[in-house]
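Student: Give me a model of this one.
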Amino acid sequence: MKKTEVCIVGAGPSGAIAALFLAKFGINCTLIDKATFPRDKICGDGISGWVVTILNELDKDLLIRLSKQTFLLPSYGMRLVAPNFKSLDLPFLDDNPSDIPPGFIGKRIDFDNFLIDEVKSKKEIELLENTEIIGYKKEKGGFRLQTDNDIEIFCKIVIFSNGANSKFMQDPGGIYKSKSNIMTGLKTYYKGVTGFRDQNYVELHFLKDIIPGYFWIFPLPNGLANVGIGLDQERIKKKKLNLKNIMLDAIENVPYLKERFKDAELVSKIQAFGLPLWDGKRFISGDHYMLTGDAASLIDPVTGEGMGHAVISGMYAAEQCKRSLESNNFSAKFMRSYDQQVYNRIGKELKISSKIVHFIKYPWLFNMVVNKANNSALLKEKLTLAMTDLKVRKELNNPLLYVKVLLGK
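Tutor: Residues are numbered from 1 along each chain as shown. Here you go, the predicted model:
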């Protein structure tokens, strides 16, 4: 039997960040993961500005050390490619400290292990690898967790941070997902892809057959590229689509992609994964527990952004632990301040994105907006600001905007 104030289930970005903030607050915790690090994770490998911001709040020196890692590429923008193959380049707004780039691209196996190395340096954190939580029992004063290697852990608070396939999302979390809110993604690595824009822009290609899903290409160090495709399971089933065939067909037959991949080599297996997209505000906490990251279903339904939201929720979960321990209050009602913090920070962004997805599913409309933006500095600026400015992003949810674009206003 182990006893700990806080137990965190899952040592990915949200769990590791929660543990590191708890250590910063001087609170002891146990961090558990079923894998042994370094371990790989199926992901697009984008490390967004949200991650940079939260790491800066945690420890500026840690952020500076991260920025110097050779497994990362700095990224300064996003390229959107419409169904008519016209592209639109949108720079990331850079409000980060000193010389830190607004975003990075790096393999999850390396980024996650960077965070775990930091975890291992903190005396307040006990890390248990190769250990899986297989069940729990709610008791007076907290949770009793059962591991697959016959360890019992009693904690006052448990943070469930064990990703998209977390069984705790449903029980005790009460989150149930439909096929319309689960994105199936395929990811692989190629070597030798050409034609990337300067400053390592990440690329989202909205192919006609899969919008509002997309095909992506993210450049990586050493000539590698993360290449993948994603679409919600409801549309995949309804249209009887084979995402792997669509991805490979695009690489082989779409002229501009064929040229870029002509000397490229597939260097890894094509792997599939599920992403629980945000589909509405709901409780992500309860008596003595919180859900973070993908386990809380915080993935942006338009961009697929997940890691940034994961670290935000990890930080706020740690702050809620501090409040609860100081006041000796672990009730569901008291825990709701965690929900409120998360939704205050990213809730409006997610709500707007869930509506924008209804507009981008029309190829003709997507083509029109990209065409107009390439000829309108004002519209291009508006789209650039929409990545960080919620007021501007909200305008993208207004049908009148598209009427004005159509009329050339």
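
Student: only C-alpha atoms for contact and neighbour calcs from this point on.
Tutor: Noted.

Student: who does the helix or strand harbouring residue 143 pair up with?
Tutor: Assigned by DSSP states H and E, residue 143 falls within strand 142-147. Here strand 142-147 is paired, per DSSP bridges, with strand 133-139 (antiparallel), strand 152-160 (antiparallel).

Student: What score does residue 169 have for pLDDT?
Tutor: pLDDT for residue 169: 94.

Student: How about residue 353?
Tutor: Reported pLDDT for residue 353: 79.

Student: now residue 391
Tutor: Residue 391 is given a pLDDT of 52.

Student: any idea how far residue 142 is from the residue nearest in space to the middle of the chain?
Tutor: Central residue of the chain (CA atoms, centre = their mean): residue 306, 1.2 Å from the mean position. Distance, residue 306 to residue 142, using CA to CA, to the nearest Å: 29 Å.

Student: to the chain's geometric centre, what's the distance from the lengthiest helix in the chain?
Tutor: Ranked by residue count and defined by DSSP state H, the top helix of the chain is helix 332-356. Computed by CA atoms, centre = their mean, to the nearest Å, the chain-centroid distance of helix 332-356 equals 15 Å.

Student: Could you do stretch 286-298 as well?
Tutor: 15 Å.

Student: can you check stretch 301-310 too?
Tutor: 3 Å.

Student: and if you look at stretch 240-256?
Tutor: 25 Å.

Student: Could you export that stretch as CSV, CA atoms only?
Tutor: Output in CSV follows, covering the C-alpha atoms of stretch 240-256 (Å, rounded to 0.1, in the frame of the first residue of the first chain):
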residue,chain,number,x,y,z
LYS,A,240,-17.1,4.0,-46.8
LEU,A,241,-13.7,5.7,-47.0
ASN,A,242,-10.3,4.0,-46.7
LEU,A,243,-8.1,6.7,-45.3
LYS,A,244,-4.9,4.9,-46.0
ASN,A,245,-5.8,4.5,-49.7
ILE,A,246,-6.8,8.2,-49.9
MET,A,247,-3.5,9.3,-48.4
LEU,A,248,-1.3,7.1,-50.6
ASP,A,249,-3.4,8.0,-53.7
ALA,A,250,-3.0,11.7,-53.0
ILE,A,251,0.8,11.3,-52.6
GLU,A,252,1.0,9.4,-55.9
ASN,A,253,-1.5,11.3,-58.0
VAL,A,254,-2.1,14.8,-56.8
PRO,A,255,0.3,16.7,-59.1
TYR,A,256,1.9,19.1,-56.6
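
Student: one step back: deepest-packed of the strands paired with strand 142-147, please.
Tutor: strand 152-160 (a mean of 23; mean count of other CA atoms under 10 Å).

Student: export that one as PDB, just CAs?
Tutor: C-alpha atoms of strand 152-160 as PDB (Å, rounded to 0.1, in the frame of the first residue of the first chain):
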ATOM      1  CA  GLU A 152      -2.400  -0.400  -4.100                       C
ATOM      2  CA  ILE A 153      -2.300   3.400  -4.000                       C
ATOM      3  CA  PHE A 154      -4.500   5.600  -1.800                       C
ATOM      4  CA  CYS A 155      -4.600   9.300  -2.700                       C
ATOM      5  CA  LYS A 156      -6.700  12.300  -1.800                       C
ATOM      6  CA  ILE A 157      -6.900  13.400  -5.400                       C
ATOM      7  CA  VAL A 158      -6.500  11.400  -8.600                       C
ATOM      8  CA  ILE A 159      -5.800  13.100 -12.000                       C
ATOM      9  CA  PHE A 160      -6.700  11.000 -14.900                       C
END
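
Student: avg pLDDT for the strand holding residue 143?
Tutor: The predicted model gives strand 142-147 an average pLDDT of 97.

Student: How about residues contacting it?
Tutor: By CA atoms under 8 Å, 6 or more residues apart in numbering, the residues outside strand 142-147 that reach it are 131-138, 152-158, 288.

Student: Distance to residue 335 and mean pLDDT for the strands paired with strand 142-147 - can I get that in CSV?
Tutor: CSV is the format used below for the strands paired with strand 142-147 (distance: least, CA to CA, whole Å; pLDDT from 0 to 100):
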stretch, distance to residue 335, mean pLDDT
strand 133-139, 16, 95
strand 152-160, 10, 98
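
Student: Which among the ones you listed is found nearest to residue 15?
Tutor: strand 152-160 (7.7 Å; CA to CA).

Student: who's in contact with the closest one?
Tutor: Residues contacting strand 152-160 (CA under 8 Å, 6+ apart): 1-10, 15, 141-146, 168, 288-292, 295, 317, 321, 330.

Student: partners of the helix or strand just after it in the sheet?
Tutor: Under the assignment DSSP H and E, the closest C-terminal helix or strand after strand 152-160 is strand 182-191. If you go by DSSP bridges, strand 182-191 pairs up with strand 224-232 (antiparallel), strand 265-266 (antiparallel), strand 271-276 (antiparallel).

Student: tell me the average confidence for strand 182-191?
Tutor: Rounded mean pLDDT across strand 182-191 is 95.

Student: Restrict that strand to CA atoms and write it as PDB.
Tutor: In PDB, the C-alpha atoms belonging to strand 182-191 read as follows (Å, rounded to 0.1, in the frame of the first residue of the first chain):
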ATOM      1  CA  ILE A 182     -14.000  10.700 -32.700                       C
ATOM      2  CA  MET A 183     -11.400  11.500 -35.400                       C
ATOM      3  CA  THR A 184      -9.500   8.600 -36.900                       C
ATOM      4  CA  GLY A 185      -6.000   9.600 -37.800                       C
ATOM      5  CA  LEU A 186      -3.300   7.800 -39.700                       C
ATOM      6  CA  LYS A 187       0.400   8.800 -39.200                       C
ATOM      7  CA  THR A 188       3.700   7.800 -40.700                       C
ATOM      8  CA  TYR A 189       7.200   9.200 -41.400                       C
ATOM      9  CA  TYR A 190       8.700   9.900 -44.800                       C
ATOM     10  CA  LYS A 191      12.300  11.000 -45.600                       C
END
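
Student: The helix or strand following the longest helix of the chain packs against which elements?
Tutor: Sequence-wise, the next helix or strand downstream of helix 332-356 (DSSP H and E) is helix 363-374. Packing partners of helix 363-374 (3 or more CA pairs under 8 Å, 6 or more residues apart in numbering; DSSP states H and E): strand 87-91, helix 377-385, helix 399-406.

Student: returning to that earlier point: give me the distance from the strand holding residue 143 to the chain's centre.
Tutor: 28 Å.
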